[in-house]
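Chemist: structure for the following, please:
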Amino acid sequence: MSSVDPFTPTPTFFEVLGSIAQNLSADRDEADNLTRCLKTLVESSQAAQGVGLLQGAAGLTAVAEYGTLDENTRLAHFTLARLCLETGQAVAEIQGEGWLAATPLVGLEEIFGVLAFSVAEPTRPPQPFLSALGRLIGSGLDASRRYSEMRSAAHRLERLNRLTTALTSGSDLASVVEPFAEEMRGLFDFDRLACGFVNEGGDYVELVTYPAEAAWGMSSVVPLVGSGLGHAILEGKAVLQKDILHSHRFIEDMKLLEDGIRSYVVLPLVARGKSLGVVALASKEADGFETETLLRLQPLISHLALAFDNVHLMQRMRDLSITDEVTPLFNHRFFHQMLERELKFSDRYKSQVSIAFIDLDHFKPINDVHGHLRGSHALREVGFLLRTAVRETDYPARYGGDEFVIILPQTDGEAAKLLGEKFRELIEGHTFLQEEGINAKIGASIGLATYPDEARTKPELIRLADKRMYEDKAERKSGR
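Modeler: Model (predicted):
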């Protein structure tokens, strides 16, 4: 006996599938896609009405209907849909003079739900058609969901970029908190925001709040010990106070309550393995923040921690007056502070730090012939050249006179050599004081040293780089 399937799909079924495929679009949501598919199915075949159901945490939920369904018909559709979902197979049952059919909506990795519909024809809907229908619509819903996820990811990335831009809009915390808070309002509901950094002594947090006139319970200075802000920093963990009316754990809670605040959340700012400060949001509503808020906030603040670290660094730079008075580079004092910091990071993370000492050649004649003002202009041009050439993680500084130094974190000796030659070529390839009609050329002698490979202490590192710089100058003078 032949085992050939007695059913052979007719062109009508292929046409129905083709019409449904044309109505599926990834940029529509699932409910819209299901409604359009049902409408096409009913209008291009003998289907009378249908229901589109999606699977969720609460079970099957109808998100689309087409045609007239009374309570009994709707119940019958739901019942068959549940059977279809349990078996994972398309099913069909006699319904009066027609059929009631259901097919699972199968995506690439999961079953999204069920499409159930009534057929007025006495002929049973063929199984291959039902299966193809479920897979076709399931693939469309899969594409719609993935497209939606991509749009959501793009939106989150855009928001993150806007938050980062807000944090780079000023040189200190006071100037960036307001634009940062305005961007945060697009993501979270809050009545008050505070950002702050731990002071140099490590015993209190210096805060900037939004709105500016609203303090965080106490003042712009909050002790580390005993406060919710300090607890988040010291423990490196978020603090969530759902209702301080019934649970006041920290020293600022009662004052916040007097100001009308009922709940708050505090996130530590952790950068380079160190808690440098906090971001806190407060609400006048009890339970204004839930665990879900933390799940959304924590990765966001983690991404922004380095941007906050840069704000902190710029603020310290300004406060300590660390910029060189002639060039746009750091000064001698800041160079030593940052070198000590980078050597500590090197010890902690087992990395390397190189420094490049640069001494200008043929610079003295500019001072002698054209005067010290023109000499200062030339030094300033050198500073701008170096500023544009270094990486974001490097620290270029004027060491004194016509000597410059660059700290190169996480850079071994070979990489430092390449960077050193880049700096030399940049200086020697530039024509200085062009606007003043002098058109001077300046050379550069360079000395490099790497920690801990070649030197074990900060003084040794500086002496070795300085020694090699003078050796390079001597070799260049001798023409070797």
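
Chemist: distance of the spatially most central residue of the chain from L163?
Modeler: By CA atoms, centre = their mean, the chain has its centre lying nearest to H303, at 4.7 Å. Look at H303 and L163: by CB to CB, to the nearest Å, they are 8 Å apart. For glycine as for every other residue, the C-beta is placed from the backbone atoms N, C-alpha and C.

Chemist: do C37 as well
Modeler: In terms of CB to CB, C37 sits 39 Å off from L163.

Chemist: repeat that for R135.
Modeler: 42 Å.

Chemist: wait, a helix at the residue nearest to the centre of the chain?
Modeler: Yes. Under DSSP: H, G, I helix; E, B strand; the rest coil, H303 falls within a helix.

Chemist: what's across from T103 in the sheet?
Modeler: Bridge pairing for T103 (DSSP bridges) gives the partners L115.

Chemist: so it sits right up against L133, yeah?
Modeler: Yes. When contacts are counted by CB atoms under 8 Å, T103 is listed as touching L133 (5.4 Å).

Chemist: neighbours of the residue nearest to L433 when sequence neighbours are not counted, just the number please.
Modeler: Nearest in space to L433, with sequence neighbours left out and distances taken as CB to CB, 6 or more residues apart in numbering, is A440 at 5.3 Å. Using other CB atoms under 10 Å, A440 has 20 other residues around it.

Chemist: can you pull the phi and psi angles for A440?
Modeler: Dihedral pair for A440: phi -90, psi 150, per degrees, to the nearest 10.

Chemist: quickly note the distance from it to V176.
Modeler: 40 Å.

Chemist: quick revisit: was I right to think the residue nearest to the centre of the chain contacts L160?
Modeler: Yes. Between H303 and L160 there is a contact at 5.9 Å, judged by CB under 8 Å.

Chemist: anything in contact with each of the two?
Modeler: Contact with both H303 and L160 is made by no residue, according to CB atoms under 8 Å, 6 or more residues apart in numbering.

Chemist: how about low-confidence regions in the protein?
Modeler: Regions of the chain meeting the criterion pLDDT under 70 cover residues 1-12, 153, 317-321, 479-480.

Chemist: and it, what are its domain boundaries?
Modeler: 11-146, 173-318, 332-478 (automatic domain parsing).

Chemist: so who does the residue nearest to the centre of the chain touch?
Modeler: L160.

Chemist: apply 10 Å and report the result again.
Modeler: When contacts are counted by CB atoms under 10 Å, 6 or more residues apart in numbering, H303 is found next to 156-157, 160, 163-164.

Chemist: what about the residue nearest to A212 when sequence neighbours are not counted, helix or strand, and which?
Modeler: Excluding the flanking residues, the one nearest A212 by CB to CB, 6+ apart is E178, at 7.4 Å. Under the criterion of DSSP states H and E, E178 resides in helix 173-184.

Chemist: what comes up buried for that helix?
Modeler: Using 16 or more other CB atoms under 10 Å as the test for burial, helix 173-184 gives 173, 176-181, 183-184.

Chemist: next one: stretch 413-424
Modeler: 416-417, 419-420, 423-424.

Chemist: now do stretch 250-264
Modeler: 250-253, 256, 261-264.

Chemist: export the residues you listed to CSV and tack on secondary structure and distance to I407?
Modeler: Formatted as CSV, the buried residues of stretch 250-264 follow (DSSP: H, G, I helix; E, B strand; the rest coil; distance: CB to CB, whole Å):
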residue, secondary structure, distance to I407
F250, coil, 39
I251, coil, 40
E252, coil, 39
D253, helix, 43
L256, helix, 42
I261, coil, 44
R262, coil, 48
S263, strand, 44
Y264, strand, 39
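
Chemist: of these, closest to P126?
Modeler: Using CB to CB, S263 is the member of these that lies nearest P126, at 59.0 Å.

Chemist: quick check, the closest one in contact with H248.
Modeler: No. Assessed by CB atoms under 10 Å, S263 is found out of contact with H248, at 11.7 Å.

Chemist: can you list residues touching both of these two?
Modeler: The contact sets of S263 and H248 overlap at 241, 256 (CB under 10 Å, 6+ apart).

Chemist: next up, identify which helix or strand the nearest residue to V106 once chain neighbours are set aside is on.
Modeler: Counting by CB to CB, 6+ apart, G138 is the residue found nearest to V106 once chain neighbours are left out, at 4.1 Å. For G138, the element it lies in under DSSP H and E is helix 127-167.

Chemist: L408 - how many residues pack around it?
Modeler: Residues near L408, counting by other CB under 10 Å, number 24.

Chemist: ok so it is a strand residue?
Modeler: Yes. Under three-state DSSP, L408 falls within a strand.

Chemist: what bridges to it?
Modeler: S354.

Chemist: quick check, it in contact with S346.
Modeler: No. Checked against CB under 10 Å, the pair L408 and S346 is beyond contact range at 11.3 Å.

Chemist: shared neighbours of T103 and L133, anything?
Modeler: Taking CB under 10 Å, 6+ apart as the criterion, T103 and L133 both touch 90, 115, 117, 125.

Chemist: put the buried members of the residues you listed into a ChimeraX selection.
Modeler: With 16+ other CB under 10 Å as the burial test, the buried ones among those are selected in ChimeraX as follows:
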select :90,115,117,125
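
Chemist: and the shared contacts of T103 and L133, which is closest to P328?
Modeler: Checking the shared contacts of T103 and L133 one by one against P328 (CB to CB), the nearest turns out to be L115, at 66.0 Å.

Chemist: how far away is the closest one from G98?
Modeler: For L115, the distance to G98 equals 17 Å [CB to CB].

Chemist: same deal with T73?
Modeler: From T73 over to G98 (counting by CB to CB), the distance is 11 Å.

Chemist: which residues do the two both contact?
Modeler: 48, 118.

Chemist: more neighbours, C37 and L163?
Modeler: A count of neighbours by other CB under 10 Å puts C37 above the other of C37 and L163, at 26 against 21.

Chemist: how is that one assigned, secondary-structure-wise?
Modeler: Under three-state DSSP, C37 falls in the helix class.

Chemist: surely S220 and E206 touch.
Modeler: Yes. S220 lies in contact with E206 (CB under 10 Å); the separation is 6.5 Å.

Chemist: who touches both of these two?
Modeler: With CB under 10 Å, 6+ apart, S220 and E206 have common neighbours G196.

Chemist: tell me where the stretch 301-450 of the chain has helices.
Modeler: 332-349, 364-370, 372-389, 413-428 (DSSP state H, counting those that start in this stretch).
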